[in-house]
Each structure stands twice: as C-alpha cells, then as structure tokens.
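# A predicted structure for the sequence below; I have some questions about it.
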Amino acid sequence: MEAAIITIMALLFFAFVALGVYVTVKVAKAAKRGVDRTLDQARRTVEDTTLKAKSFGQAGVASELARLRLSLRTSMRATQEALQAGVGEDASLKESLDLFHRLSAHGIELDGDLKRMEREPDRAWVSGQLGELRRRTEQITGSADALRRAARDRALKFAEDDLSSLSAQIDVEAGALRHWDGPETAPGSVAPGTASEAVPGAFPGSGAAHGSAAGSAPGSVSGAAGPGVGGEPSAITAPDPRRSAYPWEKSARPETTT
C-alpha cells in the first residue's frame, strides 16, 4: 500500500515538473518571437526613415534608387497587411494571398538588386540600369496595388450589400411596429355601440343590455345597472380602478384600520 502511494506521488511530481518545463519553454519561445518582431519592426522603421532621407536629401542616382526601394517596400507592406487582415473573414482571399507570396519573391529579389546598386561605385553604369529597375518596380508595385484594391473593393461591396439588407429588414420591422390599427370585428360578434342601439337609454359598459338575461355581475354595486328607487334611473357607477389595473401600475395598498 505504501509503495503504491509513493509511486503515485512520484508520478505526480514528474508530471508537475514536465508541465512546468513545457510552460517555461512555451513562454520563452513566445517572448523570443515578441522580441524578434519588435526588432524587425524597429529595423524596418530605421530603413524606411533612411530611405526617405536619401530620397529627399540627395540627388541623382542615389535619390532615385532610394525612391524605388521606398515605393516597393510601402506597396508590398500595405498589400500584405490588407490581405492578411481580410483572409480571416473572406476565404476567397486565400488564393490572392498565395499569389502575393509568389509576387513577394520577385519583390525581395528586386529590393536586393536595388540595395546592391546603392553600393555600386560605377554611377554611370548604375544610371544606365535605372530604366530596367524602374520598369520592374512599377510592374511589381502595380500588381500588388491591384490585389490590394480588389480586396478592398470586395470588402466594401460585401459591407454595402449587408447594410442594404439590414436597412430593408429594419424598414419592414419599423412598418410593423407602426401598424397599431386593431383587428377587424369577427363575423357574428357584437360591434361597439350596438348594445346602446338595441336597448334605449343604455350606455356602453353599463350592463343594461345584459341585465335582464344575466342579472347583475358578481361583485357589482347593487342598482348600478337597474332602475333606482321610485322608478328613477340610477346614476352610472364608474368601474372600480382596482379591477382594471394595468401591468405597469402599482397594486393598491390595503387600507389599515385602527
């Protein structure tokens, strides 16, 4: 018995140790990914700032190379962010994202060529290559811009369709809420006002039309519907408000007797 207890405790100990090691490794990997992501973002920010400074602060070949690199990086980054943000809501963008990954390979190759051109000492030769580099840059950025704009137009179209459908449903519901006319009188039922026409001198709700057949209603005040003393008609008694309470009204408190 004691050996079994010791075995179970040892297994639990090793399980807790293994779980602690697993959690530690996962946390360390997550922290490393966060640090790498922060460093990459900082490096991109520094490179973009440097390219902007070169494109505005220098002239000639260096300025043109910096402008081409900045245009390429800006277009590719914006398209990647747009497609990755939309693929979670629209599965059709997965194919567009695959095409963008293929386009990114050409963009990375072009960015490397532009970076090497910046370090090339023969400026005359680099100047002769600017036409081809500019054409490749415009081709890649044009394709990236086309994907980004198509994804944006698709998202806007879906949003407009959903808004139109929602507006139509709201209009129907608003019309139903404004339809406060009561239902028509069913065939064979007594319409309002016929009781007073059938019995002369009777008023709606006084019970005079039903007095001869059903008598006084249970709980009603004696003589409320029938003739008074000496054959004179009795006064019309208002209905007891305690018997016609609405759900939103507070219930009447009973009077206390001393």
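Perfect, thanks for sending it.

# I'd guess residue 180 is in a strand, am I close?
No - with DSSP: H, G, I helix; E, B strand; the rest coil as the criterion, residue 180 is assigned coil and is not in a strand.

# And it, what's its pLDDT?
pLDDT recorded at residue 180 is 75.

# can you check residue 204 too?
45.

# Next, residue 133: phi, psi?
Here is the backbone geometry of residue 133 (degrees, to the nearest 10): phi -70, psi -40.

# list the contacts for it?
65, 68, 110, 113-114, 117 (C-beta atoms under 8 Å, 6 or more residues apart in numbering). C-beta coordinates here come from the backbone N, C-alpha and C atoms, glycine included.

# That one and residue 80: what is the separation?
22 Å (C-beta to C-beta, to the nearest Å).

# Ok, residue 45 next?
When residue 45 is compared with residue 80 (using C-beta to C-beta), they lie 16 Å apart.

# which of the two has more neighbours?
residue 80 (19 against 10; other C-beta atoms under 10 Å).

# So which elements touch the host helix or strand of residue 47?
Element membership for residue 47 (DSSP states H and E) is helix 2-57. Counting by 3 or more C-beta pairs under 8 Å, 6 or more residues apart in numbering; DSSP states H and E, the packing neighbours recorded for helix 2-57 are helix 61-86.

# Pull out the buried positions in the helix it packs on.
Buried positions in helix 61-86, judged by neighbour count with 16 or more other C-beta atoms under 10 Å: 61-62, 64-73, 75-76, 79-80, 82-83, 86.

# What average pLDDT does that helix get?
The model assigns helix 61-86 a mean pLDDT of 91.

# elements contacting the helix or strand following that helix?
Per DSSP H and E, the first helix or strand lying C-terminal to helix 61-86 is helix 93-118. Judged by 3+ C-beta pairs under 8 Å, 6+ apart, helix 93-118 is in contact with helix 61-86, helix 123-178.

# can you redo those helices as JSON lines with distance to residue 39?
What follows is these, written out as JSON lines (distance: least, C-beta to C-beta, whole Å):
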{"stretch": "helix 61-86", "distance to residue 39": "17"}
{"stretch": "helix 123-178", "distance to residue 39": "25"}
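
# where does this structure dip in pLDDT?
Along the chain, segments meeting pLDDT under 70 span 40, 57, 181-258.

# just checking, residue 55 touches residue 73?
No - in this structure residue 55 lies outside contact range of residue 73 using C-beta atoms under 8 Å: 11.9 Å.

# ok, back up a step: go through the contacts of residue 133 and say which is closest to residue 151.
Of all the contacts of residue 133, residue 151 sits closest to residue 110, with 22.3 Å by C-beta to C-beta.

# The residue lying closest to that closest one once chain neighbours are set aside: neighbour count?
Closest residue to residue 110 apart from its sequence neighbours, by C-beta to C-beta, 6 or more residues apart in numbering: residue 136 at 5.4 Å. Neighbourhood size, residue 136 [other C-beta under 10 Å]: 18.

# ok, now how distant is residue 136 from residue 11?
Taking C-beta to C-beta, one finds residue 136 at 63 Å from residue 11.

# now swap in residue 135 and tell me
Residue 135 is 68 Å from residue 11, by C-beta to C-beta.

# repeat for residue 172
64 Å.

# helix, strand or coil for residue 59?
Per three-state DSSP, residue 59 ends up coil.

# Next up, phi/psi of it, please.
Taking degrees, to the nearest 10 as the convention, residue 59 sits at phi -130, psi 160.

# do the same with residue 92
The phi/psi pair for residue 92 (degrees, to the nearest 10) is phi -70, psi -20.
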